[in-house]
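Undergrad: this one's sequence-less:
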């Protein structure tokens, strides 16, 4: 059992349709009253409690918390095998692999970018990954309620399974090729490393290494910022590719005069 306290996190979890509740409310303000209305509309029980009751459950709250049936970072937990089955013959797919991202704030920020850039699946280690679901839910602004995630005991094996299913695997590292010079189309898996970078086993399994060109004096970008930039580049290339295909399929106007 877990608890969510952020307004956005609570709202998105309720709207996601995943079982949750009751909603515990003490001295609600205008925003909390909006959440009460949403909860009632979704047939989620609302309980009036004292502030001291909320303090015992979640010290950092704004007068309202949502009880959840799990304490995981993401509500959309799936297995990699099931994901690949549901993927079917789809040619375009985007998977993000997180190699020892242990900071819940970074993890939440990454999930927020994943929601914005339509990532199909986030894969992380079953151990040595970010915990603290309330912090992740708040930092992701509720995106954790929507992003599908899989926790794998062996990330190297997960990468091999993706490659067997026609995924091209790219690791993120400052010593790689400039990301805009890579062709990021089709089924793509991006690997983001923690403070120590990519682990050796995962680095060896990458088809190529993607780097973000920078000009600052700091060695590298924060991993959540880097993930957002790389995901944007995949989205940009897909958009440009779809536009080119659309233009290529358009029929040129026939300006010739009939005799």
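TA: Ah, there it is. Note that the structure is a prediction, hence the values are computed from the model and not measured.
Undergrad: buried residues of the top strand by length along the chain, list them for me.
TA: Longest strand in the chain by number of residues, with DSSP state E as the criterion: strand 168-178. Within strand 168-178, the residues scored as buried using 16 or more other CB atoms under 10 Å are 168-173, 176. Just so you know, the C-beta spots here come from the backbone N, C-alpha and C atoms, and that holds for glycine as well.
Undergrad: what's the closest of those to residue 33?
TA: For those, the residue nearest residue 33 by CB to CB is residue 172; the value is 43.1 Å.
Undergrad: in contact with that closest one, which residues?
TA: Residue 172 sits next to 190-193, 198, 209-212, 226-227, 230 when contact means CB atoms under 8 Å, 6 or more residues apart in numbering.
Undergrad: any idea how far residue 151 is from residue 199?
TA: 17 Å (CB to CB, to the nearest Å).
Undergrad: just to revisit the earlier point, could you tell me which strands sit next to the longest strand of the chain in the sheet, and their orientation?
TA: Sheet pairing for strand 168-178, assigned by DSSP bridges, gives strand 187-193 (parallel), strand 208-211 (parallel).
Undergrad: just checking, next helix/strand downstream of the shortest one?
TA: Same thing as strand 208-211. helix 223-249 (DSSP states H and E).
Undergrad: angle of that next one against strand 168-178?
TA: With axes from the mean of the first three to the mean of the last three CA atoms, to 10 degrees defining the directions, helix 223-249 sits at 100 degrees from strand 168-178.
Undergrad: quick one: list the elements packing against helix 223-249.
TA: strand 93-99, helix 104-116, strand 168-178, strand 187-193 (3 or more CB pairs under 8 Å, 6 or more residues apart in numbering; DSSP states H and E).
Undergrad: JSON lines please, covering the ones you listed and showing distance to residue 21.
TA: Below are these laid out as JSON lines (distance: least, CB to CB, whole Å):
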{"stretch": "strand 93-99", "distance to residue 21": "29"}
{"stretch": "helix 104-116", "distance to residue 21": "22"}
{"stretch": "strand 168-178", "distance to residue 21": "39"}
{"stretch": "strand 187-193", "distance to residue 21": "34"}
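Undergrad: rewinding a little: most tightly surrounded among the strands paired with strand 168-178?
TA: strand 187-193 (a mean of 23; mean count of other CB atoms under 10 Å).
Undergrad: cool, thanks, signing off.
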